[in-house]
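Below is the structure, and that's it, no one-letter string:
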Ligand code: ATP
Ligand code: MG
(Lines give C-alpha, C1' and ligand atoms only; values in the text may rest on other atoms or scores of the structure.)
(Ligands and ions follow the chains in the order given, each with its own letter.)
Protein backbone atom coordinates (compact mmCIF):
# COMPACT_ATOMS: atom_id res chain seq x y z
CA UNK A 1 0.00 0.00 0.00
CA UNK A 2 1.41 3.40 -1.04
CA UNK A 3 1.28 6.39 1.30
CA UNK A 4 -0.80 9.37 0.13
CA UNK A 5 0.89 12.09 2.15
CA UNK A 6 1.89 13.20 5.56
CA UNK A 7 -0.24 14.63 8.37
CA UNK A 8 0.47 16.27 11.70
CA UNK A 9 -0.63 13.85 14.38
CA UNK A 10 -2.83 15.04 17.24
CA UNK A 11 -1.05 15.62 20.59
CA UNK A 12 -2.71 12.47 22.01
CA UNK A 13 -0.90 10.42 19.37
CA UNK A 14 2.52 11.88 20.13
CA UNK A 15 2.23 11.96 23.92
CA UNK A 16 4.93 10.26 25.99
CA UNK A 17 2.45 7.46 26.75
CA UNK A 18 1.78 6.87 23.04
CA UNK A 19 5.52 7.02 22.31
CA UNK A 20 6.24 4.43 25.00
CA UNK A 21 3.72 1.99 23.49
CA UNK A 22 5.03 2.57 19.95
CA UNK A 23 8.65 2.17 21.06
CA UNK A 24 7.75 -1.16 22.71
CA UNK A 25 5.86 -2.48 19.67
CA UNK A 26 8.59 -1.48 17.20
CA UNK A 27 11.55 -2.63 19.32
CA UNK A 28 12.12 -5.67 17.09
CA UNK A 29 11.61 -3.74 13.87
CA UNK A 30 7.88 -4.22 13.17
CA UNK A 31 5.92 -1.45 11.49
CA UNK A 32 2.93 -0.20 13.47
CA UNK A 33 0.31 2.38 12.54
CA UNK A 34 -2.53 4.28 14.10
CA UNK A 35 -5.78 3.06 12.57
CA UNK A 36 -9.51 3.72 12.56
CA UNK A 37 -11.26 6.49 14.45
CA UNK A 38 -8.18 8.23 15.81
CA UNK A 39 -6.78 8.92 12.33
CA UNK A 40 -10.18 10.15 11.15
CA UNK A 41 -10.70 12.39 14.19
CA UNK A 42 -7.12 13.68 13.94
CA UNK A 43 -7.73 14.79 10.33
CA UNK A 44 -10.83 16.68 11.43
CA UNK A 45 -9.18 18.17 14.51
CA UNK A 46 -11.86 16.56 16.70
CA UNK A 47 -11.14 15.17 20.15
CA UNK A 48 -9.86 11.60 20.01
CA UNK A 49 -11.91 9.17 22.09
CA UNK A 50 -9.81 6.02 21.92
CA UNK A 51 -6.55 5.12 20.31
CA UNK A 52 -6.20 2.06 18.07
CA UNK A 53 -2.81 0.83 16.91
CA UNK A 54 -2.39 -1.98 14.38
CA UNK A 55 0.58 -4.28 14.01
CA UNK A 56 1.45 -7.30 11.85
CA UNK A 57 2.68 -9.14 14.97
CA UNK A 58 0.42 -11.80 16.50
CA UNK A 59 -1.08 -11.02 19.92
CA UNK A 60 1.37 -13.28 21.84
CA UNK A 61 4.27 -11.27 20.39
CA UNK A 62 2.47 -8.02 21.25
CA UNK A 63 2.09 -9.22 24.87
CA UNK A 64 5.79 -10.14 25.03
CA UNK A 65 6.97 -6.84 23.50
CA UNK A 66 4.87 -4.80 25.93
CA UNK A 67 6.05 -6.83 28.91
CA UNK A 68 9.69 -6.48 27.82
CA UNK A 69 9.18 -2.70 27.91
CA UNK A 70 7.59 -3.01 31.37
CA UNK A 71 4.22 -1.78 30.11
CA UNK A 72 0.99 -3.23 31.34
CA UNK A 73 -0.55 -5.61 28.76
CA UNK A 74 -4.13 -6.83 29.11
CA UNK A 75 -5.18 -9.75 26.85
CA UNK A 76 -8.54 -8.17 25.99
CA UNK A 77 -9.40 -10.51 23.09
CA UNK A 78 -6.48 -12.67 22.09
CA UNK A 79 -8.59 -14.74 19.70
CA UNK A 80 -9.57 -11.59 17.81
CA UNK A 81 -6.06 -10.21 18.06
CA UNK A 82 -6.67 -7.45 20.58
CA UNK A 83 -4.35 -6.52 23.42
CA UNK A 84 -4.81 -3.43 25.55
CA UNK A 85 -1.54 -1.69 26.36
CA UNK A 86 -1.57 0.73 29.29
CA UNK A 87 1.00 3.50 29.57
CA UNK A 88 0.76 6.24 32.22
CA UNK A 89 -2.73 4.99 33.00
CA UNK A 90 -3.86 5.48 29.41
CA UNK A 91 -5.18 2.53 27.37
CA UNK A 92 -4.22 1.79 23.76
CA UNK A 93 -5.94 -0.97 21.80
CA UNK A 94 -3.29 -2.88 19.92
CA UNK A 95 -4.75 -5.09 17.20
CA UNK A 96 -3.09 -7.59 14.92
CA UNK A 97 -3.81 -7.05 11.21
CA UNK A 98 -6.76 -9.23 10.28
CA UNK A 99 -8.92 -10.41 7.47
CA UNK A 100 -12.33 -12.01 7.73
CA UNK A 101 -12.48 -15.72 6.99
CA UNK A 102 -16.14 -16.21 7.69
CA UNK A 103 -18.96 -13.95 8.79
CA UNK A 104 -22.56 -14.64 9.76
CA UNK A 105 -23.95 -11.16 10.15
CA UNK A 106 -22.92 -10.89 13.77
CA UNK A 107 -19.65 -12.66 14.49
CA UNK A 108 -16.58 -12.88 12.29
CA UNK A 109 -13.98 -15.57 12.20
CA UNK A 110 -10.73 -13.76 11.55
CA UNK A 111 -7.27 -14.74 10.38
CA UNK A 112 -4.16 -12.74 11.20
CA UNK A 113 -2.23 -11.30 8.29
CA UNK A 114 0.68 -8.98 7.56
CA UNK A 115 -1.18 -7.35 4.70
CA UNK A 116 -2.19 -3.78 5.51
CA UNK A 117 -4.54 -3.56 2.53
CA UNK A 118 -6.42 -6.70 3.59
CA UNK A 119 -6.88 -5.18 7.05
CA UNK A 120 -8.12 -1.88 5.59
CA UNK A 121 -10.54 -3.76 3.29
CA UNK A 122 -12.43 -5.36 6.17
CA UNK A 123 -13.10 -2.01 7.86
CA UNK A 124 -16.54 -0.46 7.45
CA UNK A 125 -16.25 3.02 5.93
CA UNK A 126 -13.63 4.63 3.74
CA UNK A 127 -12.71 7.23 6.38
CA UNK A 128 -12.38 4.50 9.02
CA UNK A 129 -9.97 2.55 6.81
CA UNK A 130 -7.13 5.08 6.87
CA UNK A 131 -3.94 4.50 8.82
CA UNK A 132 -0.97 6.64 9.82
CA UNK A 133 2.59 5.79 10.82
CA UNK A 134 3.91 7.38 14.01
CA UNK A 135 5.76 9.92 11.82
CA UNK A 136 2.47 11.04 10.25
CA UNK A 137 2.77 9.16 6.93
CA UNK A 138 -0.84 8.68 5.83
CA UNK A 139 -2.33 5.64 4.07
CA UNK A 140 -5.76 5.96 2.55
CA UNK A 141 -6.62 3.06 0.27
CA UNK A 142 -10.22 4.00 -0.49
CA UNK A 143 -10.36 7.79 -0.68
CA UNK A 144 -11.43 8.24 2.93
CA UNK A 145 -9.92 11.68 3.30
CA UNK A 146 -11.88 13.05 0.36
CA UNK A 147 -15.09 11.45 1.64
CA UNK A 148 -14.48 12.91 5.07
CA UNK A 149 -14.00 16.40 3.62
CA UNK A 150 -17.18 16.03 1.56
CA UNK A 151 -19.20 14.52 4.41
CA UNK A 152 -19.74 11.28 2.48
CA UNK A 153 -20.25 8.18 4.59
CA UNK A 154 -19.20 5.50 2.11
CA UNK A 155 -18.84 1.78 2.70
CA UNK A 156 -15.61 0.07 1.73
CA UNK A 157 -16.90 -2.15 -1.09
CA UNK A 158 -20.53 -3.04 -1.83
CA UNK A 159 -22.86 -1.79 0.92
CA UNK A 160 -25.20 -4.81 0.71
CA UNK A 161 -22.31 -7.29 0.97
CA UNK A 162 -20.65 -5.45 3.82
CA UNK A 163 -23.93 -5.22 5.72
CA UNK A 164 -24.65 -8.93 5.27
CA UNK A 165 -21.27 -9.63 6.91
CA UNK A 166 -22.20 -7.61 9.98
CA UNK A 167 -25.63 -6.06 10.53
CA UNK A 168 -24.26 -3.71 13.16
CA UNK A 169 -22.88 -1.74 10.19
CA UNK A 170 -26.41 -0.52 9.47
CA UNK A 171 -26.44 1.32 12.77
CA UNK A 172 -22.82 2.42 12.40
CA UNK A 173 -23.75 3.93 9.03
CA UNK A 174 -26.34 6.20 10.63
CA UNK A 175 -24.09 6.95 13.59
CA UNK A 176 -21.29 8.16 11.32
CA UNK A 177 -23.83 9.97 9.16
CA UNK A 178 -24.87 11.88 12.29
CA UNK A 179 -21.29 12.85 13.16
CA UNK A 180 -19.65 13.34 9.76
CA UNK A 181 -22.35 13.34 7.09
CA UNK A 182 -22.88 16.57 5.24
CA UNK A 183 -24.06 15.43 1.86
CA UNK A 184 -27.18 13.55 0.77
CA UNK A 185 -26.71 10.00 2.13
CA UNK A 186 -25.31 7.46 -0.33
CA UNK A 187 -28.27 5.91 -2.22
CA UNK A 188 -26.83 2.39 -2.44
CA UNK A 189 -26.07 2.40 1.27
CA UNK A 190 -29.57 3.65 2.13
CA UNK A 191 -31.17 0.92 -0.01
CA UNK A 192 -28.92 -1.74 1.48
CA UNK A 193 -29.83 -0.60 5.01
CA UNK A 194 -33.53 -0.63 4.17
CA UNK A 195 -33.30 -4.10 2.61
CA UNK A 196 -31.52 -5.58 5.63
CA UNK A 197 -33.50 -3.90 8.39
CA UNK A 198 -35.36 -7.09 9.35
CA UNK A 199 -32.05 -8.60 10.44
CA UNK A 200 -31.54 -5.90 13.09
CA UNK A 201 -33.36 -7.81 15.87
CA UNK A 202 -30.44 -10.25 15.76
CA UNK A 203 -28.20 -7.61 17.33
CA UNK A 204 -27.90 -7.48 21.10
CA UNK A 205 -29.83 -4.71 22.84
CA UNK A 206 -26.54 -3.43 24.30
CA UNK A 207 -25.04 -2.82 20.88
CA UNK A 208 -28.20 -1.12 19.65
CA UNK A 209 -28.21 1.10 22.72
CA UNK A 210 -24.54 2.02 22.33
CA UNK A 211 -24.99 3.00 18.69
CA UNK A 212 -28.21 4.90 19.34
CA UNK A 213 -26.68 6.92 22.17
CA UNK A 214 -23.53 7.65 20.15
CA UNK A 215 -25.69 8.82 17.25
CA UNK A 216 -27.71 11.05 19.58
CA UNK A 217 -24.59 12.79 20.91
CA UNK A 218 -23.77 14.27 17.49
CA UNK A 219 -23.99 18.06 17.17
CA UNK A 220 -27.24 17.68 15.22
CA UNK A 221 -28.55 14.11 15.05
CA UNK A 222 -31.83 14.98 13.29
CA UNK A 223 -30.75 14.56 9.64
CA UNK A 224 -29.32 11.08 10.38
CA UNK A 225 -32.45 10.11 12.31
CA UNK A 226 -34.55 11.29 9.42
CA UNK A 227 -32.54 9.07 7.06
CA UNK A 228 -32.92 6.23 9.54
CA UNK A 229 -36.66 6.81 9.57
CA UNK A 230 -36.86 6.86 5.75
CA UNK A 231 -35.18 3.45 5.51
CA UNK A 232 -37.50 1.93 8.09
CA UNK A 233 -34.52 1.19 10.33
CA UNK A 234 -35.71 3.49 13.09
CA UNK A 235 -39.07 1.69 13.20
CA UNK A 236 -37.18 -1.49 14.10
CA UNK A 237 -34.84 -0.14 16.77
CA UNK A 238 -36.89 2.73 18.23
CA UNK A 239 -40.47 2.52 16.98
CA UNK A 240 -41.57 5.06 19.61
CA UNK A 241 -39.77 7.86 17.75
CA UNK A 242 -41.56 9.37 14.80
CA UNK A 243 -41.49 13.10 15.49
CA UNK A 244 -38.15 14.86 15.71
CA UNK A 245 -39.47 18.37 16.37
CA UNK A 246 -38.68 18.36 20.05
CA UNK A 247 -35.20 16.92 19.49
CA UNK A 248 -34.53 19.57 16.89
CA UNK A 249 -35.53 22.28 19.36
CA UNK A 250 -33.42 20.69 22.08
CA UNK A 251 -30.41 20.57 19.75
CA UNK A 252 -28.67 23.85 20.19
CA UNK A 253 -29.95 24.69 23.66
CA UNK A 254 -28.52 21.53 25.22
CA UNK A 255 -25.13 20.01 25.95
CA UNK A 256 -25.69 16.99 23.64
CA UNK A 257 -26.58 14.65 26.49
CA UNK A 258 -27.79 11.51 24.65
CA UNK A 259 -30.15 10.18 27.35
CA UNK A 260 -32.02 13.48 27.54
CA UNK A 261 -32.16 13.52 23.75
CA UNK A 262 -33.59 10.02 23.77
CA UNK A 263 -36.23 11.27 26.21
CA UNK A 264 -37.13 14.04 23.76
CA UNK A 265 -37.95 11.42 21.11
CA UNK A 266 -40.45 9.40 23.10
CA UNK A 267 -43.71 10.37 24.71
CA UNK A 268 -44.50 7.55 27.07
CA UNK A 269 -43.13 4.50 28.84
CA UNK A 270 -39.60 5.78 29.38
CA UNK A 271 -38.85 2.90 31.73
CA UNK A 272 -39.97 0.29 29.19
CA UNK A 273 -37.72 1.79 26.52
CA UNK A 274 -34.84 1.78 29.03
CA UNK A 275 -35.52 -1.87 29.82
CA UNK A 276 -35.65 -2.87 26.20
CA UNK A 277 -32.34 -1.11 25.50
CA UNK A 278 -30.82 -2.66 28.67
CA UNK A 279 -29.88 0.73 30.02
CA UNK A 280 -28.28 1.04 33.47
CA UNK A 281 -30.49 1.45 36.52
CA UNK A 282 -29.43 5.08 36.81
CA UNK A 283 -30.35 5.77 33.17
CA UNK A 284 -33.62 3.88 33.57
CA UNK A 285 -34.60 5.95 36.59
CA UNK A 286 -33.72 9.09 34.67
CA UNK A 287 -35.70 8.13 31.56
CA UNK A 288 -38.58 7.06 33.79
CA UNK A 289 -38.63 10.46 35.50
CA UNK A 290 -38.53 12.32 32.18
CA UNK A 291 -41.02 10.28 30.12
CA UNK A 292 -43.63 11.20 31.09
CA UNK A 293 -42.21 14.11 33.14
CA UNK A 294 -42.62 13.75 36.91
CA UNK A 295 -43.32 17.50 37.20
CA UNK A 296 -44.56 19.81 34.52
CA UNK A 297 -42.57 23.01 34.52
CA UNK A 298 -43.50 26.43 33.27
CA UNK A 299 -41.36 29.57 33.16
CA UNK A 300 -44.19 31.42 34.88
CA UNK A 301 -43.34 29.39 37.99
CA UNK A 302 -41.87 31.56 40.74
CA UNK A 303 -38.39 30.89 42.04
CA UNK A 304 -39.65 29.44 45.27
CA UNK A 305 -41.61 26.75 43.40
CA UNK A 306 -38.55 26.11 41.22
CA UNK A 307 -36.44 25.55 44.33
CA UNK A 308 -38.96 23.01 45.58
CA UNK A 309 -38.58 21.01 42.38
CA UNK A 310 -34.81 21.30 42.79
CA UNK A 311 -35.03 20.04 46.34
CA UNK A 312 -37.31 17.12 45.50
CA UNK A 313 -35.53 15.78 42.44
CA UNK A 314 -32.04 17.26 42.46
CA UNK A 315 -30.40 19.71 40.08
CA UNK A 316 -29.69 17.21 37.28
CA UNK A 317 -33.31 16.10 36.95
CA UNK A 318 -34.45 19.73 37.20
CA UNK A 319 -32.13 20.72 34.30
CA UNK A 320 -33.44 17.80 32.23
CA UNK A 321 -37.04 18.81 32.90
CA UNK A 322 -36.38 22.48 32.10
CA UNK A 323 -34.60 21.71 28.82
CA UNK A 324 -37.29 19.27 27.65
CA UNK A 325 -40.13 21.62 28.58
CA UNK A 326 -38.29 24.49 26.89
CA UNK A 327 -37.85 22.39 23.73
CA UNK A 328 -41.59 21.74 23.77
CA UNK A 329 -42.38 25.41 24.27
CA UNK A 330 -40.19 26.82 21.50
CA UNK A 331 -38.02 29.94 21.50
CA UNK A 332 -40.73 32.44 22.45
CA UNK A 333 -39.91 32.48 26.16
CA UNK A 334 -36.24 31.55 25.85
CA UNK A 335 -35.14 34.22 28.34
CA UNK A 336 -37.49 32.93 31.02
CA UNK A 337 -36.40 29.33 30.47
CA UNK A 338 -32.76 30.36 30.66
CA UNK A 339 -33.51 32.11 33.96
CA UNK A 340 -34.92 28.82 35.24
CA UNK A 341 -31.63 27.12 34.45
CA UNK A 342 -29.89 29.90 36.37
CA UNK A 343 -31.89 28.96 39.46
CA UNK A 344 -30.23 25.54 39.27
CA UNK A 345 -26.78 27.10 38.97
CA UNK A 346 -27.37 29.07 42.18
CA UNK A 347 -28.82 26.05 44.00
CA UNK A 348 -26.62 24.73 46.80
CA UNK A 349 -28.82 21.85 47.97
CA UNK A 350 -29.70 22.88 51.54
CA UNK A 351 -29.83 20.23 54.28
CA UNK A 352 -32.55 20.19 56.93
CA UNK A 353 -30.77 21.66 59.99
CA UNK A 354 -32.19 19.12 62.49
CA UNK A 355 -31.98 15.33 62.74
CA UNK A 356 -33.89 12.57 64.55
CA UNK A 357 -31.52 12.80 67.51
CA UNK A 358 -32.61 16.42 68.08
CA UNK A 359 -36.22 15.27 68.32
CA UNK A 360 -35.24 12.51 70.78
CA UNK A 361 -33.54 15.13 72.92
CA UNK A 362 -36.81 17.06 73.01
CA UNK A 363 -38.26 14.05 74.85
CA UNK A 364 -39.76 11.92 72.07
CA UNK A 365 -38.98 8.21 72.65
CA UNK A 366 -37.03 6.51 69.84
CA UNK A 367 -39.55 5.07 67.34
CA UNK A 368 -41.71 5.99 64.38
CA UNK A 369 -42.92 9.21 66.06
CA UNK A 370 -39.41 10.68 65.70
CA UNK A 371 -39.53 10.24 61.91
CA UNK A 372 -42.99 11.73 61.73
CA UNK A 373 -41.87 14.88 63.57
CA UNK A 374 -38.74 15.26 61.40
CA UNK A 375 -40.87 14.86 58.25
CA UNK A 376 -43.36 17.45 59.47
CA UNK A 377 -40.56 19.94 60.23
CA UNK A 378 -39.03 19.25 56.82
CA UNK A 379 -42.33 19.90 55.03
CA UNK A 380 -42.65 23.23 56.89
CA UNK A 381 -39.01 24.19 56.24
CA UNK A 382 -39.45 23.36 52.52
CA UNK A 383 -42.63 25.46 52.35
CA UNK A 384 -40.71 28.29 54.04
CA UNK A 385 -38.22 28.20 51.15
CA UNK A 386 -35.49 26.48 53.21
CA UNK A 387 -34.92 29.70 55.15
CA UNK A 388 -35.55 28.60 58.80
CA UNK A 389 -32.29 27.93 60.65
CA UNK A 390 -31.61 25.27 63.27
CA UNK A 391 -33.12 27.20 66.15
CA UNK A 392 -36.26 27.94 64.18
CA UNK A 393 -36.57 24.26 63.19
CA UNK A 394 -36.15 23.15 66.81
CA UNK A 395 -38.79 25.65 67.87
CA UNK A 396 -41.08 24.30 65.17
CA UNK A 397 -40.52 20.74 66.41
CA UNK A 398 -41.37 21.79 69.98
CA UNK A 399 -44.49 23.54 68.76
CA UNK A 400 -45.58 20.41 66.84
CA UNK A 401 -45.06 18.32 69.99
CA UNK A 402 -47.15 20.56 72.21
CA UNK A 403 -50.00 21.18 69.79
P1 LIG B 1 -15.29 5.89 17.99
O2 LIG B 1 -14.23 5.16 18.76
O3 LIG B 1 -15.09 7.34 17.87
O4 LIG B 1 -16.65 5.50 18.41
P5 LIG B 1 -14.25 4.36 15.79
O6 LIG B 1 -14.30 4.57 14.32
O7 LIG B 1 -12.90 4.37 16.43
O8 LIG B 1 -15.22 5.40 16.46
P9 LIG B 1 -14.55 1.78 16.93
O10 LIG B 1 -15.79 1.02 17.21
O11 LIG B 1 -13.68 2.20 18.04
O12 LIG B 1 -14.99 3.01 16.06
O13 LIG B 1 -13.73 0.89 15.89
C14 LIG B 1 -12.41 1.20 15.48
C15 LIG B 1 -12.25 0.90 14.00
O16 LIG B 1 -12.49 -0.49 13.75
C17 LIG B 1 -13.22 1.62 13.09
O18 LIG B 1 -12.76 2.90 12.74
C19 LIG B 1 -13.29 0.69 11.90
O20 LIG B 1 -12.16 0.84 11.08
C21 LIG B 1 -13.21 -0.67 12.53
N22 LIG B 1 -14.53 -1.25 12.87
C23 LIG B 1 -15.17 -1.20 14.06
N24 LIG B 1 -16.34 -1.83 14.03
C25 LIG B 1 -16.46 -2.30 12.76
C26 LIG B 1 -17.45 -3.08 12.10
N27 LIG B 1 -18.58 -3.45 12.71
N28 LIG B 1 -17.23 -3.40 10.80
C29 LIG B 1 -16.10 -3.02 10.17
N30 LIG B 1 -15.15 -2.29 10.74
C31 LIG B 1 -15.31 -1.93 12.03
MG1 MG C 1 -12.54 4.01 18.35
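Yep, it's here. Every value quoted in this text rests on a predicted model; they were computed, and no experiment measured them. Numbering: from 1, shown residues only. Ligands and ions are numbered 1, 2, ... in the order given.

Show the contacting residues for the residue nearest to residue 292 when sequence neighbours are not counted.
In space, and not counting its chain neighbours, residue 292 is closest to residue 268: 6.1 Å by C-beta to C-beta, 6 or more residues apart in numbering. To be clear about C-beta, it is placed using only N, CA and C from the backbone, and glycine gets the same treatment. Residues near residue 268 by C-beta atoms under 8 Å, 6 or more residues apart in numbering: 240, 291-292.

cool, residue 325 as well?
Each residue near residue 325 by C-beta under 8 Å, 6+ apart is listed here: 293, 296-298, 337.

Show me which of those residues are buried.
Using 16 or more other C-beta atoms under 10 Å as the burial test, the contacts of residue 325 include 293, 297, 337 as buried.

quick one: low-confidence ranges for the stretch 151-300 of the chain?
Within the stretch 151-300 of the chain, no range satisfies pLDDT under 70.

which bits of it sit near ligand 1?
When proximity is defined by C-beta under 6 Å from any ligand atom, the stretch 151-300 of the chain lies next to ligand 1 at 166, 168-169, 172.

just curious, which of those is nearest to ligand 2?
Within the set of these, residue 172 lies nearest ligand 2; the separation is 11.2 Å, counting by C-beta to the ion.

can I assume residue 263 sits in a helix?
Yes - judged by DSSP: H, G, I helix; E, B strand; the rest coil, residue 263 forms part of a helix.

isn't it right up against residue 269?
No - taking contacts as C-beta atoms under 8 Å, residue 263 lies outside contact range of residue 269: 11.4 Å.

Report the mean per-residue pLDDT for stretch 87-105.
Across stretch 87-105, pLDDT averages out at 94.

okay, how far is it across it, tip to tip?
One end of stretch 87-105 to the other measures 35 Å (C-alpha to C-alpha, to the nearest Å).

Please apply the same query to stretch 176-191.
Terminal residues of stretch 176-191 lie 17 Å apart, using C-alpha to C-alpha.

Please point out which parts of that stretch sit buried.
So, applying 16+ other C-beta under 10 Å, buried residues of stretch 176-191: 176-181, 185-186, 189-190.

I'd like those residues written out as TSV, with secondary structure added.
Converted to TSV, these look like this (three-state DSSP):
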residue	secondary structure
176	helix
177	helix
178	helix
179	helix
180	helix
181	coil
185	coil
186	coil
189	helix
190	helix
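
Which pair of these spans the longest distance?
Taking C-beta to C-beta, the two most distant members of the buried residues of stretch 176-191 are 179 and 190; they sit 17.2 Å apart.

Quick check: residues of the stretch 1-150 of the chain near ligand 2?
Counting by C-beta under 5 Å from the ion, the residues of the stretch 1-150 of the chain lying close to ligand 2 are 37, 50.

Tell me the residues of the stretch 1-150 of the chain that contact ligand 1?
Residues of the stretch 1-150 of the chain lying close to ligand 1 (C-beta under 6 Å from any ligand atom) are 36-37, 49-50, 52, 123-124, 128-129.

how many neighbours does the residue in the stretch 1-150 of the chain positioned nearest to ligand 1 have?
At 2.2 Å from ligand 1, residue 37 is the closest residue in the stretch 1-150 of the chain, using C-beta to the nearest ligand atom. Applying other C-beta atoms under 10 Å, we find 17 residues neighbouring residue 37.
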